[in-house]
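Trainee: Generate coordinates for the sequence data below:
(chains A and B)
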Number of protein chains: 2
Amino acid sequence: MNAGPLAGLRVVEVSAFVAAPLSGMTLAQLGAEVIRIDPIGGNIDVNRWPLTAEGSSIYWSSLNKGKRSITLDLETEAGQRLATELICAPGEGAGIVVTNLPGRGWLDYDSLRAQRADVIVVTLTGNHDGSPAVDYTVNPSSGFPTATGPPGGVTNHVLPAWDVAAGLYLALAVVGAERERRATGEGQAVTLALSDVMLATVANLGYLAEVQVNDTGREPTGNYVYGAFGRDFATADGRRVMIAAMTGRQWTAITTATRLAERLAHIEPMLGVDLSTDGGRYQAREAIAAVLSPWFARHALSEIEDLLTRHHVLYGVYRDFGQLVAEDPRCSLANPLFAAVDQPGIGKVLTPRSPMAFGRGGPGPAAAPVLGGDTAAVLTEHLGRTSEQVRSLLGRNVVSDPTCGATT
Amino acid sequence: MNAGPLAGLRVVEVSAFVAAPLSGMTLAQLGAEVIRIDPIGGNIDVNRWPLTAEGSSIYWSSLNKGKRSITLDLETEAGQRLATELICAPGEGAGIVVTNLPGRGWLDYDSLRAQRADVIVVTLTGNHDGSPAVDYTVNPSSGFPTATGPPGGVTNHVLPAWDVAAGLYLALAVVGAERERRATGEGQAVTLALSDVMLATVANLGYLAEVQVNDTGREPTGNYVYGAFGRDFATADGRRVMIAAMTGRQWTAITTATRLAERLAHIEPMLGVDLSTDGGRYQAREAIAAVLSPWFARHALSEIEDLLTRHHVLYGVYRDFGQLVAEDPRCSLANPLFAAVDQPGIGKVLTPRSPMAFGRGGPGPAAAPVLGGDTAAVLTEHLGRTSEQVRSLLGRNVVSDPTCGATT
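Mentor: You can find the predicted model right below:
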């Protein structure tokens, strides 16, 4: 197996929660060596729900796959010095840190640059002025909760989408800055604000310009797709299916699969719309749904899937997380994305590699480390500490490593 | 202004809709030269809603900022040859294409590799087997619609979150593969399936392991944050505010700002929970909300903002897209993310640069091109065509360029 496109890169991560850990994990899944530093006992996300019956955080292990984990007493100068030494260690691919922790002295760009002139420091903040914000408080201002779900209320989406996007931007910031360093020899600080991720995305999807140019917001449309035809329908056996047509061919697939072309043709003169355009189908969405609903209600899911597949209709079956694991063949070992990996403290679980499949190969699915389990190895390997020196650090509780007999 | 971390990179994009255009735009915002190729007249997303009163697609311009645009007749061999020539043009940073169009002969990795041995071809598909899927049909199977919104139904989120994540992964795939090419001299094909982005994310957030290990799905919790305390509240003046506490300090901030610590203390003996833990606060969320609700209902938004800010409570004000533009100072020229950019066919709109702020600088906010407006210039600059040759191509309708007097 090829080591992956980021082979040779060493990234130190000082992080908690979703975005920054996701960035490190994304880099590790492309072949970088990623070392997450935590305080002894773990950071504030170490016990984040969901937990196993024994109290292990499924959340933590899921977001730290493929990394190495070291634990230091970051409240002491000795611990901070070790962390600094690791971040600023020599080596062409080293000298990189990604963090979402509020700037403390030792983790500042200027402090680190004093130790390694070409260091790369990628920092996630809440807002661009450095004030805190989390996915859950950024999302309400995005406009999306007023456009999601039933009209009249606000509906938070459960997917922490801003954190996910931020994590991927952070990974890109690391690779981009390292590219520039190799071209120029210069490091730099890169900052990313979670609310800027939200704002840029809202703008990139056209919502800001729509308000500014058309002076209209977006009406909430429940489960309808905006500006085209798409909606969910109930089946005869109590399931739900989403269909969508973003092109004329996809629309024809729907009318053919359901054999409802003739009935649907009445909508054009009835409403004065042009069903050959996405806009016309969006304007007529409720009438279209009224014609299609009885068809879905008459058929069981399996028949519907059969017909929609045969006619190349774009559709998706609604599944809860349990049904996703139980039913969807894409969510199984049949998909090369996954392997069954034994996760310490959790058990054997479906574990993905990167969703990017590089033709030349890269790391496969990997487990998360045991908290602090790489401390001694990293101190030896990257900081040249002797086993005696490591024992001394363990004994003074400057570091901890459960594989050496825990000190706390 | 520094040219940005991806200066020297030239990426050809053959794309439509959200994910692939977002990837090219993301690369352009970091300094790459990104050339989007469209069929003459535009691809299937050229008229995607929302539109201005004059019929210009706000969607298209928002997702193609900072690129160059060329239009070719991709149905003809002459057009395909030109596209191939551009993708495989010599140059250290050239030889890269990103696409979400279904594989056609000329755009296959093997065909392109025959023209340039180290070409990088990054392809987005719907599913890993190459079958089609879009954000709207991938999302239903993700589990999130059953966990979003009121219990008992399914609620699609309106943010095309899987497309956004896929676009960022595609950008990372380009930069990763280019890094590997510079290290090894070898190009490669990289594929990304939209449903793999969904599946990897669901796994990365712990939902698959939760089902497999705990045999429980996620109960829908409306606007409550899972595993901690967070919820929305109505204010006296008809607005809504989201608050969240992911740490003990943030929880104390809430009890202090609202002066409700004493009342909230009754919850521990009442329910037998430990409010000093995230899990305990999650278990007691409805009781906590019952105590907090009247406080929010008694105060106007401005008083609430004042008190929450002063006590460092993590909060977000719900805003629709219009309110976001009208009210939120982060969504204005006061935020260095934005400039007022005159977008051809649209008007002057708040336009973001990349949300990543590179210390050494990079491109500022930029407009989208006019469809096909760079055709003649790109043919001349990168393919060495003389103005006579360009005129001939325009005359034969193999290419079009509105800046040369349109040919169609």
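
Trainee: could you pull out the strands for the stretch 301-408 of chain A?
Mentor: A:314-317, A:338-343, A:347-352, A:356-358, A:399-400 (DSSP state E, counting those that start in this stretch).

Trainee: Report the rounded mean pLDDT for the first one.
Mentor: Strand A:314-317 comes out with an average pLDDT of 98.

Trainee: Sheet-wise, list the partners of it with their directions.
Mentor: strand A:240-245 (antiparallel) (DSSP bridges).

Trainee: Quick one: residues in contact with the partner strand.
Mentor: Contacts to strand A:240-245, defined as Cβ atoms under 8 Å, 6 or more residues apart in numbering or on different chains, come from residues A:223, A:225, A:228-235, A:250-251, A:253-254, A:278, A:281, A:292, A:296, A:301, A:304-305, A:308, A:313-318, B:134, B:136-137, B:139-140, B:154, B:156. C-beta coordinates here come from the backbone N, C-alpha and C atoms, glycine included.

Trainee: Just the buried ones from those residues, in ChimeraX syntax?
Mentor: One line in ChimeraX is enough to select the buried ones among the contacts of strand A:240-245; burial here means 16 or more other Cβ atoms under 10 Å in any protein chain shown:
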select /A:223,225,228,229,230,231,232,233,235,250,251,253,254,278,281,292,296,301,304,305,308,313,314,315,316,317,318 /B:134,136,137,139,140,154,156
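
Trainee: Sitting in strands, which of the contacts of strand A:240-245 do you find?
Mentor: A:229, A:230, A:231, A:232, A:233, A:234, A:314, A:315, A:316, A:317 (DSSP state E).

Trainee: show me the contacts for the second one.
Mentor: To tie it back to what came earlier, the one meant is residue A:230. Counting by Cβ under 8 Å, 6+ apart, residue A:230 has contacts A:224, A:242, A:243, A:244, A:245, A:246, B:136.

Trainee: Next one: the second one from residue B:68, what distance?
Mentor: Put plainly, it is residue A:242. Residue A:242 sits 36 Å away from residue B:68, going by Cβ to Cβ, to the nearest Å.

Trainee: Who has more neighbours out of those two?
Mentor: A side-by-side neighbour count of residue A:242 and residue B:68, using other Cβ atoms under 10 Å in any protein chain shown, places residue A:242 first with 25 against 22.

Trainee: Bridged to that one, which residues?
Mentor: Bridge pairing for residue A:242 - DSSP bridges - gives residue A:232, residue A:316.

Trainee: quick one: contacts for residue A:46?
Mentor: By Cβ under 8 Å, 6+ apart, the contact set of residue A:46 is A:38, A:57, A:60, A:371.

Trainee: So it: helix, strand or coil?
Mentor: coil (DSSP: H, G, I helix; E, B strand; the rest coil).

Trainee: okay, the strands of the stretch 301-408 of chain A, which one's buried deepest?
Mentor: strand A:399-400 (a mean of 26; mean count of other Cβ atoms under 10 Å in any protein chain shown).

Trainee: That one pairs with which strands, and in what direction?
Mentor: Paired with strand A:399-400 in the same sheet, following DSSP bridges, are strand A:68-72 (antiparallel).

Trainee: Dihedrals phi and psi, residue A:370?
Mentor: phi -80, psi 140 (degrees, to the nearest 10).

Trainee: With distance to residue A:16 as added columns, please give the strands of the stretch 301-408 of chain A in a markdown table.
Mentor: What follows is these, written out as a markdown table (distance: least, Cβ to Cβ, whole Å):
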| stretch | distance to residue A:16 |
| --- | --- |
| strand A:314-317 | 33 |
| strand A:338-343 | 19 |
| strand A:347-352 | 22 |
| strand A:356-358 | 25 |
| strand A:399-400 | 18 |
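
Trainee: What score does whatever residue of the stretch 201-350 of chain A ends up closest to chain B have for pLDDT?
Mentor: Chain B sits closest to residue A:227 of the stretch 201-350 of chain A, with a gap of 2.9 Å, by Cβ to the nearest Cβ. At residue A:227, the pLDDT value in this model is 95.

Trainee: who are the neighbours in contact with it?
Mentor: A:278, A:279, A:282, B:48, B:49, B:50, B:59 are the contacts of residue A:227 under Cβ under 8 Å, 6+ apart.

Trainee: and the nearest residue to residue A:157 once chain neighbours are set aside, how many neighbours?
Mentor: Spatial nearest neighbour of residue A:157, excluding adjacent residues (Cβ to Cβ, 6 or more residues apart in numbering or on different chains): residue B:157 at 3.7 Å. For residue B:157, the neighbour count with other Cβ under 10 Å is 26.

Trainee: Next one, pLDDT for residue B:157 please.
Mentor: At residue B:157, pLDDT is 93.

Trainee: ok so, going back, relative to residue A:101, which of the contacts of residue A:230 is nearest.
Mentor: Closest approach between the contacts of residue A:230 and residue A:101, by Cβ to Cβ: residue B:136, at 36.9 Å.

Trainee: That closest one and residue B:157 touch, don't they?
Mentor: No: look at residue B:136 against residue B:157 with Cβ atoms under 8 Å: they stay out of range, at 10.5 Å.

Trainee: Could you show which parts of the stretch 301-408 of chain A are in contact with chain B?
Mentor: Neighbours of chain B within the stretch 301-408 of chain A, by Cβ under 8 Å from any Cβ of the partner chain: A:312, A:314-325, A:328, A:330-331, A:335-338, A:343, A:346-360.

Trainee: May I have the phi/psi pair for the residue nearest to residue A:299 when sequence neighbours are not counted?
Mentor: Excluding its sequence neighbours, the residue lying closest to residue A:299 (Cβ to Cβ, 6+ apart) is residue A:236, at 5.6 Å. Note on residue A:236: its backbone torsions stand at phi -60, psi -30 [degrees, to the nearest 10].

Trainee: Do you know the pLDDT at residue A:236?
Mentor: So, for residue A:236, pLDDT stands at 98.

Trainee: Ok, residue A:216 next?
Mentor: 86.

Trainee: With adjacent residues omitted, what lies nearest to it?
Mentor: The shortest distance from residue A:216 to any non-neighbouring residue, by Cβ to Cβ, 6+ apart, is to residue A:210 (6.6 Å).

Trainee: mind checking the SS state of that neighbour?
Mentor: Under three-state DSSP, residue A:210 comes out as helix.

Trainee: between the contacts of residue A:230, which is nearest residue A:124?
Mentor: Distance to residue A:124, by Cβ to Cβ, is smallest for residue B:136 among those, at 29.3 Å.

Trainee: What score does the closest residue to that closest one other than its chain neighbours have for pLDDT?
Mentor: Closest residue in space to residue B:136, ignoring its immediate chain neighbours: residue A:244 at 4.4 Å, by Cβ to Cβ, 6+ apart. Per-residue confidence (pLDDT) for residue A:244: 98.

Trainee: and residue A:244, how many residues sit next to it?
Mentor: Around residue A:244 there are 24 residues (other Cβ under 10 Å).

Trainee: Pop out the phi and psi values for the residue nearest the centre of chain A.
Mentor: Residue closest to the average C-alpha location in chain A (Cα atoms, centre = their mean): residue A:164, at 3.2 Å. When read as degrees, to the nearest 10, the backbone of residue A:164 gives phi -60, psi -50.

Trainee: same deal with residue A:329?
Mentor: Per degrees, to the nearest 10, the backbone of residue A:329 is at phi -60, psi -20.

Trainee: for it, what are its contacts?
Mentor: Residues counted as contacts of residue A:329 (Cβ under 8 Å, 6+ apart) are residue A:335.

Trainee: quick revisit: out of the contacts of residue A:230, the closest to residue B:263 would be?
Mentor: residue A:224 (42.8 Å).

Trainee: Extract the residue ranges of chain A that are flagged as low pLDDT.
Mentor: Along chain A, the parts satisfying pLDDT under 70 run over A:1, A:103, A:405-408.

Trainee: And it, what are its domain boundaries?
Mentor: A:10-202+A:332-404, A:240-317 (automatic domain parsing).

Trainee: in the stretch 1-150 of chain A, which spans are strands?
Mentor: Under DSSP E, counting those that start in this stretch, the stretch 1-150 of chain A gives strands at A:10-14, A:33-39, A:68-72, A:96-99, A:120-125.
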